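>>> Quick one: sequence plus predicted model below, questions after.
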Amino acid sequence: MGPDDKTRLKLYQLMVELRDFEQRAYDVFMENLIKGTSHLALGQEAIAAGFAVAMRKDDYTFCTYRGHGHTLARGASMAAAMGELLGRSNGMLHGKGGSMHLTDVTRGAMGSYAIVGAHMPIAAGAAWSAQVRKSGQVAVCFFGDGTTNIGAFHETLNLAVVWKLPVVFVCENNRYMEYTPIESVTAVEHPAADRAAAYGLEAILVDGNDADVMYETASRTIARARSGEGPSLVEALTYRHGGHSRGDPASYRPKEEVREWMSRDPIKQYRERLASGGIDEAMLRKIDDDARQKVDLATEEARNAPPARIEDIESQVWSDGGSAWRN
Amino acid sequence: MAELTFREAVAAGIAQEMERDPTVYFIGEDVAAAGGVFKATVGLLDKFGAERVRDTPISEQAIVGAAMGAAMTGLRPIVEIMFSDFLATCWDMIANQVAKTRYMTDGQVSLPLVIRTANGGGSRFGAQHSQSLENWAMAVPGLKVVAPSTPADAKGLLAAAIRDPDPVLFFEQKSLYGIKGEVPDGEHVEKLGTARVLREGKHCTIVALAAMVPRALAAAGELDSLGIDATVVDVRSLVPLDTRTILREVRKTGRLFTVEENPRLCGWGAEIVSIAAEECFDDLDGPMVRITTPHVPLPAAQPMEDEAMPTVARIVDTVKRAMR
Ligand SMILES: Cc1ncc(C[n+]2csc(CCOP(=O)(O)OP(=O)(O)O)c2C)c(N)n1
Ligand SMILES: [Mg+2]
């Protein structure tokens, strides 16, 4: 069983694109062209791809500072994303947000939020609006294991259940908050799944490195939300290949653990599954090549774009486009 | 004109806008069935139904966050935070999320939402239910900040806040809820960012906000009998700030006094004094003086609380001594 070939190819293509984009972002970082910080989701691509492919065009995505993949997965422009990382005028936010805040509302990518847990109630609010507008839209909210210990997580789950909101909460359990292993600071073994019962929700614990599993989990929970049955809380087990953010060598992680998870790379696994399922190697190679080319072009465009414009500093505080606080 | 209490005027303002615009929703703790702990939202549930007027759990972050998510996707939510002191529990939502998201996304989202809250002292509640926090809000780029002093303004400025396309923090001074005043019949909408001159005098200009406005007016009455003729300006809106009106009235009299309920440091009066110092220094005939609550958490006992907040007597005394 599982998804049909067309869906599987789409899942594979998305994962490869997200992987290549972030690997390139890392390289560009190492050239010191990207200032500030950036948080890569290398190794976590199956979650972003699984949900994005299962979502309806007008559904809402809310994600964290580790949100390049989730934003691109909704179809946002790679050049605009790379431009934002580089602080260029072609950036998605014209330089005002940076790596941690990628947003493309036209694609339903409703923002990347950098205060842990803050976007959870905001996602619930978008779901509330969809509910009362009877639009049939669903909000999907991604966050980390560490986020399950902040108040907003609990406030939001309670409210979402009480109001039966069309929202899916997806905990990407990559086993670490920043540098601290999640189990050393959490009362339960599975930070999200073990808390589901407290809100009357089903415990959903899935392999976040398996794109088919993620696609099916997404389809099921989104359908539940869309049909008015209320929210779901998904815990997807995964691992980040690199450190928490730029410059973190992640030396706090046991070598054996890293080796084991690297062998469960979601993309490598999925490619093998597709190949053994009869998908032509040439077709997969074309997807690989196209993705690389797409990232090349986007990077070129961003590198060549002029820097973010000084003239924009005082614009768009208010809806009139300006920032006036007095007359 | 009908005579309404301040709390009735708040409910009337919400009702007027909910009738006019089906995208206006109202949520908060105990606001629907109970009509609010200050009874400022009585009748709204009956009029608009349980979908549009909704009780929430005690989850301030979820309340403000949900309003934000709804505002970015087509609703115009109004939320009530029961006491302004509780804003501290959802200050991330307000200061980091609501205030910054439009700017950070370079205008991709608009956030037409109103956060109403009961603010300030005078109720013997102690320091965790009595703060006057409008200056916290004023310090955050991206928030509009409004504080009415009369029932008419409670309705008209609240209506304007609800229609405003940007986030507004609306401070209702809780000792004002019971006061009565004339409120225009029919649709009543004020304009944000406009101060109002309530009394014109020749000798000095007293600038006040919310519950300090009636005290400034009473002080002006007493000063009159001492031969000091004071102008009184109701600021009404801290952001946007009507510096044009305020500075004009300062220039006319050459003296400025601010009456602030907030504790001393970084109160809104400091901003107005600094603007006046930069922009109408040559028109000043003497030092500008701030009359504030001392820099302490507000005490509970009646004589202590009454003495801590700017009283009519302290305003009169301060102005009198400064004008000597
Ligand atoms: C409220 C808050 N506290 C602390 C931080 C600093 N911080 C940024 S990311 C992070 C770890 C979050 O861990 P998790 O939720 O597991 O997400 P992951 O980074 O693993 O994707 C921390 C502590 C923050 N941004 N916000
Ligand atoms: Mg984590």
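Received it, and whenever you're ready, just let me know what you need. Ligands and ions are numbered 1, 2, ... in the order given.

>>> Contacts only, for the closest residue to ligand 1 within the stretch 201-324 of chain B.
Closest contact between the stretch 201-324 of chain B and ligand 1, by Cβ to the nearest ligand atom, is at B:Cys266 (24.6 Å). All C-beta spots, glycine's among them, are computed from the backbone N, C-alpha and C. By Cβ atoms under 8 Å, 6 or more residues apart in numbering or on different chains, B:Cys266 lies in contact with B:Asn135, B:Ala139.

>>> SS state for it?
Three-state assignment for B:Cys266 (DSSP: H, G, I helix; E, B strand; the rest coil): coil.

>>> Run through the neighbouring helices and strands of the lengthiest helix in chain A.
Scanning chain A for the longest helix, with DSSP state H as the assignment, gives helix A:5-30. Contact analysis of helix A:5-30 by 3 or more Cβ pairs under 8 Å, 6 or more residues apart in numbering or on different chains; DSSP states H and E lists helix A:45-54, helix A:68-73, helix A:78-86, helix A:211-226, helix A:266-276, helix A:281-304 as its packing neighbours.

>>> between those helices, which gets nearest to B:Ala208?
Nearest to B:Ala208, of all the helices and strands packed on helix A:5-30, is helix A:78-86, at 45.3 Å by Cβ to Cβ.

>>> how many other residues sit next to the closest residue to ligand 1 within the stretch 51-200 of chain B?
Per Cβ to the nearest ligand atom, B:Asp92 is where the stretch 51-200 of chain B lies closest to ligand 1, at 7.1 Å. Counted with other Cβ atoms under 10 Å in any protein chain shown, the neighbours of B:Asp92 add up to 20.

>>> Check what pLDDT it gets.
Looking at B:Asp92, its pLDDT stands at 98.

>>> Let me see the contact set for the residue of chain B found nearest ligand 2.
Distances between chain B and ligand 2 by Cβ to the ion are smallest at B:Asp92, namely 19.5 Å. B:Asp92 makes contacts with A:Ile115, A:Ala118, B:Gln61, as judged by Cβ under 8 Å, 6+ apart.

>>> Buried ones only from these, please, as a PyMOL command.
Buried subset of these, written as a PyMOL selection, criterion 16 or more other Cβ atoms under 10 Å in any protein chain shown:
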select buried, (chain A and resi 115+118) or (chain B and resi 61)
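
>>> of the contacts of B:Asp92, closest to B:Asp21?
B:Gln61 (26.2 Å).

>>> And the closest one, which helix or strand is it part of?
helix B:60-71 (DSSP states H and E).

>>> just to revisit the earlier point, what angle do the longest helix of chain A and helix A:45-54 make?
130 degrees (axes from the mean of the first three to the mean of the last three Cα atoms, to 10 degrees).

>>> Check which residues of helix A:5-30 are buried.
A:7-26, A:28-29.

>>> phi, psi of the residue of chain B closest to ligand 2?
phi -60, psi -50 (degrees, to the nearest 10).

>>> Could you do A:Ala139 as well?
phi -100, psi 140.

>>> Distance-wise, check it relative to A:Ala236.
17 Å (Cβ to Cβ, to the nearest Å).

>>> Who has more neighbours out of those two?
Set A:Ala139 next to A:Ala236 and count neighbours by other Cβ under 10 Å: A:Ala139 wins out with 33 against 28.

>>> Kindly state the domain boundaries assigned to chain B.
With domains defined by automatic domain parsing, chain B comprises B:2-183, B:196-323.

>>> what's the distance between the first one and the middle of its chain?
Pointing back at domain B:2-183 there. 11 Å (Cα atoms, centre = their mean, to the nearest Å).

>>> Thanks a lot, catch you later.
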